[in-house]
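S.K.: Sequence plus the predicted model coming up.
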Amino acid sequence: MSYLEYNLKSVPVGPSKLLYLNWAVVLLLVAIASIGFLMLYSVAGGSMNPWAEPQMKRFALGLVLMFSIALIPTWFLRNIAGLTYAICIVLLLGVEFFGSTGKGAQRWIDLGFMRLQPSELTKITLVLFLAAYYDWLDMKKVSRPFWVIIPVLIIAVPTYLTLRQPDLGTALLLVFGGGGLMFLAGVSWMYFAAVIGAGVGIVVGVFKSRGTDWQFLKDYQYRRIDTFLDPSSDPLGAGYHITQSKIALGSGGWTGRGYMQGTQSRLNFLPEKHTDFIFTTLAEEFGFVGGISLLALYIGVIVFCVFSAISNKDRFASLLTLGIALTFFLFFAVNMSMVMGLAPVVGVPLPLVSYGGSAMLVLMIGFGLIQSAHVHRPR
C-alpha cells in the first residue's frame, strides 16, 4: 500500500471528522476565552456591554469557523496557500487607498457589518504559504542562498505594507513568525546568527550616533527609547501607560484585590484596559496566581499543538501547526512583556482575552487550520 493510499484510507470522512479533533486544545481555548469574558465584564463595571457580550458572540462565530475549517482536507489548504497570500497582499494594498483610520493609524477596511484588519489575517496566511513553500522545496535546497531569499521576500512584502499603516507590533509578529518558521523548516542557523549580529550592530550604531550630525533617528524617537528604558522620566506623558500598568501589577500581590475590586481599572487610571492592557486588570484582581494560571493555559495550548505536529507525518501539516502555534506564542509573549515593561508598548492584544473582532476571528481560523492538520494526519 502506497503512502497516499494509506493516508486516504486512514483519514475519517464526513461529520465523523469532528470526533478526531484535538479536543484538549478546544477546551483550553474555551477556558481562555471565558477568562476574557469575565475580565471584559469587570472592566465595564459589571455590565455585559459594551465589550463582554459582543466578544462572546465573536467567539461563538470563531468556534463555528474553527470546526468548519477542521473539516477541510490539508491537500486543499496546501493548494490554496498561494491564493490566500495574494488576497492578503491585495487587501493590504487596499488599506493604502481605501482604509479607514482610527487613533492615527490606517489599518482597517470598512465592510459595513465589520471592520476588517488585513494585517491580522496576513499573520495566518503567511504561515500557510511558507509551510506550502517548504513542503514543495527539496530539503537539500532549504539553506541554499537563492531558496532562502524567496521566503525572505515573501515575509518582507506584507511587513513593509504593514509598517506603512503604521503598525509596528503586527510587523514585528510577521517578521518573527515568518523567521521562526524558516528556522523550523531547517534553514541553517548561520543565517539567523548573521541577522542577529547585524541587528546588534545597528542598535549599537543607533546609540553611538546620538547627538552627532549623522544620528540615525530623530530626537523624538530617542526620547521614546529613553521613556521605555526609564518610564519614570516622563510619568505623565509617554511613560504614563507603562507606569500605571506596573502600579496595577504590583497592587495585585499574590492573590489580588478580588474580582471587580481593582482600583486602577475601575477608576480609569489604566489606559486601554479592555484591549492591550487587560492582563494588568487580571493581575490586579487575581494577583500572581491569576496571571500564572492564564499563562499555564496558554502554555498548555502550545504543548498540545507541538505534540500534534511531532506526531504528524505530513511535512506541510506539521510546519503549519508549528507556525501557527509560534504565532500564538508571540501574541501572548509580546503582550505580557509589554505590559510588564520588558518590551516597548507596540499594541499587540492578549489572544482571546483582549476585546477585538479581527484578532479573535483570525486566531480561531488559525486553530481551525491546526485542527485540520490534526484530523487529516496519517494514522
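M.R.: Structure's in. What do you need?
S.K.: What lies in contact with the top strand by length along the chain?
M.R.: For the chain, the longest strand by residue count, based on DSSP state E, is strand 105-110. If you take C-beta atoms under 8 Å, 6 or more residues apart in numbering as the criterion, strand 105-110 is touched by 91, 94-96, 98-100, 102, 115-119, 165-167, 358. From N, CA and C alone the C-beta is placed, and that goes for glycine too.
S.K.: hmm, try it at 6 Å
M.R.: 94, 99, 100, 115, 116, 117, 165, 167 (C-beta atoms under 6 Å, 6 or more residues apart in numbering).
S.K.: Return the member of those residues nearest to residue 84.
M.R.: residue 116 (14.2 Å; C-beta to C-beta).
S.K.: rewinding a little: so how do I select the buried members of the contacts of strand 105-110 in ChimeraX?
M.R.: Buried subset of the contacts of strand 105-110, written as a ChimeraX selection, criterion 16 or more other C-beta atoms under 10 Å:
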select :99,116,117,165,167
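S.K.: Of the contacts of strand 105-110, which belong to helices?
M.R.: Using DSSP state H, residue 94 are the members of those that sit in helices.
S.K.: Which of the contacts of strand 105-110 sits closest to residue 372?
M.R.: Of all the contacts of strand 105-110, residue 116 has the smallest distance to residue 372: 22.5 Å, by C-beta to C-beta.
S.K.: Tell me which residues touch that closest one, please.
M.R.: Neighbours of residue 116 in contact, by C-beta under 6 Å, 6+ apart: residue 109.
S.K.: beta partners for it?
M.R.: residue 109 (DSSP bridges).
S.K.: Next one: it relative to residue 24, how far apart?
M.R.: 31 Å (C-beta to C-beta, to the nearest Å).
S.K.: repeat for residue 359
M.R.: Taken as C-beta to C-beta, the span from residue 359 to residue 24 is 23 Å.
S.K.: ok, those two, which is more surrounded?
M.R.: Ranked by neighbour count (other C-beta atoms under 10 Å), residue 359 and residue 24 place residue 359 first, with 22 against 15.
S.K.: what about the more buried one, which helix or strand?
M.R.: Taking DSSP states H and E as the definition, one finds residue 359 inside helix 357-375.
S.K.: List of residues touching that helix?
M.R.: 17, 20-22, 58, 62, 65-66, 69-70, 72, 74, 114, 117, 120-121, 124, 305, 308, 317, 320-321, 324, 349, 351.
S.K.: for this structure, what helix or strand is lowest in average pLDDT?
M.R.: One helix or strand of the chain scores below all others by mean pLDDT, DSSP states H and E: helix 3-10, with a mean of 46.
S.K.: The nearest residue to residue 258 once chain neighbours are set aside: what's it in contact with?
M.R.: Once flanking residues are discounted, residue 258 sits nearest to residue 285: 6.4 Å by C-beta to C-beta, 6 or more residues apart in numbering. Residue 285 sits next to 256, 257, 259, 262 when contact means C-beta under 6 Å, 6+ apart.
S.K.: And residue 285, what's its pLDDT?
M.R.: Residue 285 is assigned 91 on the pLDDT scale.
S.K.: mind listing the helices in the stretch 1-150 of the chain by residue range?
M.R.: In the stretch 1-150 of the chain, the helices defined using DSSP state H, counting those that start in this stretch lie at 3-10, 23-43, 52-70, 74-79, 81-98, 118-136, 145-163.
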